[in-house]
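Peer 1: Quick one: sequence and predicted model below, then my questions.
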Amino acid sequence: MTFETVSVIGGGAWGTALAQTLALGGHRVTLWAREPDVVHDIANRQVNRAFLPGIALDRSIYATGDLKQAASGSVCLIVVPAQHVRQVMTEMRAALLPDTPIVMCAKGIEQKTGKTMGDVIGEISPDAAFAVLSGPSFAADVARGLPAALTLACRNEHLGRNLASALSSRQMRLYWSSDVMGAELGGAVKNVLAIAAGIVEGRGLGASAHAAIVTRGFAELRRFGDAMGAKPETLLGLSGLGDLVLTCGSPQSRNMSLGRGLGEGKKLADILGSRTAVTEGVYTAAAVVALARERRIDMPIAEAVLSVIEGRVSVDDAIAGLMQRPLKAED
């Protein structure tokens, strides 16, 4: 299992970064992008000015706007926004070669159904071999060849270890895990919590409050993961705690920077309107809270984020509500 040909479905920043590191690692990479300007730029200028400006891309990356043509690799990485995975997978399903592993790189939960990306793929292609790639990684860092370590989760150990070996490179180290659910939930929920961390920073509440929101947010992630069947050690690893620390700690994170804007008093519509890339936490928040309520999981920070996003409470009222909750034991 060498997986020499790789299909990367999604020409945003993360999809382009993965295409770059895989191409430099010797893979033949086909990158699909919906936007004609992105396809043209990569094909003719070896750059993605829309989503990853300033980084020269390897000339071997083949960019196309033909989804069915792009899906012909020996392994397929799905890097479109989480809320579009169902549509894209439905369009490309017939073009996938038999036994082609699907590696999910989107981090989110489907808002309309509350389903994980693995569940969505299972509905569309029930026989597909499925894996998840998740962990602390900014696209610009990976595209520039800076070191990163991520989790490659797959229930089939033989396939998972082969995928981790094949897709790893000198710059990107992949650790295999069997816990697909844990890897998915860590990547999805941390986006919601990063909005909360950004709000704290944007409101100028200080480093102590930031540390508190990240720590108590991680407690929520642990409770949520436990109820959903994730392994505790996965949530303590790269795709859980590692990704949470990165995303909550840097304005490079779209979710954290969106929260910071909200904390500064900007309107959600204005923040989203100024962006070309999707901020996943905005859409995953409703799904996470709905699942938590259904299972009676206590997630006050996620609830507060959703209330602010939906305009039901102000930032100050949301913060006050968290601080005034009944006192209890930390454990």
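Peer 2: Received the coordinates, thanks.

Peer 1: rest of the way, CA atoms for contacts and neighbours
Peer 2: Fine.

Peer 1: what's around E91, how many residues?
Peer 2: E91 is flanked by 12 other residues according to other Cα atoms under 10 Å.

Peer 1: My error: substitute G206 in the last question.
Peer 2: Neighbours of G206 using other Cα under 10 Å come to 11.

Peer 1: give the contact list for it.
Peer 2: V200 (Cα atoms under 8 Å, 6 or more residues apart in numbering).

Peer 1: And it, how close does it get to R216?
Peer 2: G206 is 16 Å from R216, where distance means Cα to Cα, to the nearest Å.

Peer 1: Please enumerate the strands of the protein.
Peer 2: All strands of the chain, identified by DSSP state E, fall at 5-9, 28-32, 62-64, 75-78, 102-104, 130-134, 148-153, 172-177.

Peer 1: Mind putting these into TSV with distance to E294?
Peer 2: Putting these into TSV (distance: least, Cα to Cα, whole Å) gives the following:
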stretch	distance to E294
strand 5-9	33
strand 28-32	37
strand 62-64	42
strand 75-78	29
strand 102-104	26
strand 130-134	25
strand 148-153	26
strand 172-177	28
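
Peer 1: A212 is nearest to which of those?
Peer 2: Nearest to A212 among the strands of the chain is strand 130-134 (24.4 Å), distances taken as Cα to Cα.

Peer 1: That closest one pairs with which strands, and in what direction?
Peer 2: Partners of strand 130-134 in the sheet, by DSSP bridges, are strand 102-104 (parallel), strand 148-153 (antiparallel).

Peer 1: Which one of those lies nearest to D127?
Peer 2: Closest among these, using Cα to Cα: strand 102-104, at 10.6 Å.

Peer 1: Can you tell me what sits against the closest one?
Peer 2: 75-79, 117-118, 128-133.

Peer 1: which of those residues has the weakest pLDDT?
Peer 2: For the contacts of strand 102-104, the weakest pLDDT value sits at A128, with 93.

Peer 1: burial count for it?
Peer 2: So A128, with other Cα under 10 Å, has 16 neighbours.

Peer 1: Likewise for L221?
Peer 2: Neighbour tally, L221, other Cα under 10 Å: 24.

Peer 1: Next one: the closest residue to it other than its chain neighbours from G225, what distance?
Peer 2: Distances taken as Cα to Cα, 6 or more residues apart in numbering put V189 closest to L221, at 6.6 Å, once the chain neighbours are dropped. Remark: distance between V189 and G225 (Cα to Cα) = 9 Å.

Peer 1: Look at the two and report which has more neighbours.
Peer 2: Neighbour tally, V189 and G225, criterion other Cα under 10 Å: the higher count belongs to V189, 29 against 24.

Peer 1: Tell me which residues touch the closest residue to S60 other than its chain neighbours, please.
Peer 2: Excluding its sequence neighbours, the residue lying closest to S60 (Cα to Cα, 6+ apart) is A23, at 6.8 Å. Going by Cα under 8 Å, 6+ apart, A23 touches 29, 58, 60-61.

Peer 1: Please identify the deepest-packed of the strands paired with strand 130-134.
Peer 2: When the strands paired with strand 130-134 are scored by mean count of other Cα atoms under 10 Å, the highest mean neighbour count falls to strand 148-153 (a mean of 24).

Peer 1: so that one versus strand 172-177, what angle?
Peer 2: Taking axes from the mean of the first three to the mean of the last three Cα atoms, to 10 degrees, strand 148-153 and strand 172-177 form an angle of 30 degrees between their directions.

Peer 1: what comes into contact with strand 148-153?
Peer 2: So strand 148-153 is contacted by 131-137, 142, 160, 163-164, 171-180, 183, 238-239 (Cα under 8 Å, 6+ apart).
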